[in-house]
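Trainee: Show me how the following folds:
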Amino acid sequence: MSFENTRIFKLMKNLETIKLNRFSKFIHSPYFNKNTKISQLFDQLHNDIRQGNAAPSKEELWQISGFEDEYNDLKFRKLCNDLVERYERFIAVEYMQEDKLLLSNLLVNAVKSSDNEELIEKHIQKASTVFERSPDHSSDYFLQKYLHDKTLQNLKSNYEKKEDIKNFINDASYQNLSTQLDAYYVIEKLRQAIDVITWSKQYKMSINIDLGMAQGLLNEERISSIVSVKVYWLIFQILTIDESKNLYYELKELARKEINSFPKVEQAEIFDALFSYCVRKGNEGSTEFQNEYMDLHEWGIQEEFILKNGVLSPTSFRNYVFAGLRLGEYKRVEEYIEKHINLLEGFRQENALSFNKARVAWYKKDFDNVLTYLNQVNYDDVWYNINSKIMLLASYYELDEIDPLYSLMDSYTAFLRREKSLDSKRKKRHFQFISYLKKIVNNPDNKNQMIQLKEEIIKDKEVTSKDWLLEKIDELT
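Mentor: Numbers count the residues shown, from 1 in each chain. Model prediction:
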């Protein structure tokens, strides 16, 4: 096996440059790594990755790492595993440094074993300041705050005078501890329930959701007034209550105000809940929520909720365009395409631009431009291939280009039959479209047959571009 296929090489190669450079500092710190062979192995791999070179062979790396004896595969694999282990320590340290609440608690607990009251007091005050200034509304905040205050009580009881302890350990402090612990429990219980509900809907499973003691705590003002509890309680409700439009808008307003006080993972959870609700209602035919979908999508780009490392997926891009076109928001869609096409990965931009401009032209009934833009699409991507073919067929029909229309129907049928990457359900939707279009083209003057065909199409749940087919039949009858 080539060394480039090993775990450590792939791990290092996939690191961002800034992260790889920080790992280098970690490896060369004598506190974290005293093994020079590990350092030498890392340096060689780091240099190869930075220069885009292929990794040397294992035997060459064995010598580069400082071994003088004959190559031993077991020992070399142990060295590679040791480098992986150093990386695991590195990311743990990085995580701890980034989580200020966790770091504060670790520092306070670290000085517990010290008899130095000045050091203890310093870190008590420092940690307290961190918690006071934290804008965090996550469940982890309440857990860390509980652990902080509990540690604080124990520290004070160990070294402060009895009268000071009495002032610190009182009813108010107990209630605060209780609230923090209860808030953490309720939020995590709701998050777990939301995950289970989402999975059950996705996989069509029936799962009984029981909030247990969290349900009773939600009735208490001290818990229900907490922002993060409100947020997750609203998400739970819009997933479980049929008539939940007002709850959606309440959640949206709260999220707009408070979402940046949640960690990135939970920001994504909140945004996804709003987004999924809009998609569901939009698919049910709600124009109101198709508009909401577009507004949320634009907000998601602005706040980077729907971007991954600054990149927008082609699917998200297309879905926005399609939603806007269904609403007749042509200008808004055209502005969106021009403004955000650069958010797609570079190699995807040309195809996405041509295809989506073709789709805009198709909705505007500018069929000549549909053909112009589709001629610029690269059909190596099967998704673009099949969806472009549908627009081409429709455009030939609209332009009364009957010969190209018949030719494309035949070639497209042959393509669908031999294309193995398409599942049978998707193939059927496109086969049905071709079949119905042929009947429309072959019998345009037979009104009775067109009426029967319309009824057939209405009942058919496995056909693409159903609305356009029905529109063409209505024009003939």
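
Trainee: So what's the residue count around V360?
Mentor: V360 is flanked by 20 other residues according to other Cβ atoms under 10 Å. Placement of C-beta: from N, CA and C, glycine included.

Trainee: One more: D242?
Mentor: There are 5 residues near D242, going by other Cβ under 10 Å.

Trainee: Make sure I have this right: it is in a helix.
Mentor: No. With DSSP: H, G, I helix; E, B strand; the rest coil as the criterion, D242 is located in coil rather than a helix.

Trainee: shift numbering so it begins at 469
Mentor: In the new numbering, first residue 469, that becomes D710.

Trainee: Per-residue pLDDT of it, please?
Mentor: On the pLDDT scale, D710 is placed at 84.

Trainee: what about it, distance to E688?
Mentor: Counting by Cβ to Cβ, to the nearest Å, the gap from D710 to E688 is 27 Å.

Trainee: What are the buried residues along whichever helix or strand K893 is part of?
Mentor: Assigned by DSSP states H and E, K893 belongs to helix 892-910. Residues of helix 892-910 classed as buried: 894, 896-902, 904-905, 907-909 (neighbour count, 16 or more other Cβ atoms under 10 Å).

Trainee: pLDDT of it, averaged?
Mentor: Helix 892-910 comes out with an average pLDDT of 95.

Trainee: What are the contacting residues of that helix?
Mentor: Contact partners of helix 892-910, identified using Cβ atoms under 8 Å, 6 or more residues apart in numbering, comprise 854, 857-858, 861, 865, 870, 873-874, 877, 880-881, 884, 887, 917-918, 921, 924-925, 928, 930-933, 937, 940-941, 944.

Trainee: ok, of the buried residues of helix 892-910, which one's closest to I476?
Mentor: Nearest to I476 among the buried residues of helix 892-910 is R894, at 40.6 Å by Cβ to Cβ.

Trainee: In stretch 682-696, which residues are buried?
Mentor: Across stretch 682-696, burial judged by 16+ other Cβ under 10 Å covers A682, L685, L686, I691, I694, S696.

Trainee: Check the secondary structure at the first one for me.
Mentor: When the structure is split into helix, strand and coil by three-state DSSP, A682 lands in helix.

Trainee: Grab the nearest non-local neighbour of it.
Mentor: Excluding its sequence neighbours, the residue lying closest to A682 (Cβ to Cβ, 6 or more residues apart in numbering) is K657, at 4.0 Å.

Trainee: how close does the one you found get to L764?
Mentor: As for K657, its distance to L764 is 27 Å (criterion: Cβ to Cβ).

Trainee: How many residues are close by the nearest residue to F510 once chain neighbours are set aside?
Mentor: Leaving aside its chain neighbours, F510 sits nearest to I495 (4.9 Å; criterion: Cβ to Cβ, 6+ apart). For I495, the neighbour count with other Cβ under 10 Å is 20.

Trainee: Ok, the one 4 residues further on next?
Mentor: Y499 has 6 neighbouring residues, counting by other Cβ under 10 Å.

Trainee: Which secondary structure state does it sit in?
Mentor: With three-state DSSP as the basis, Y499 sits in coil.
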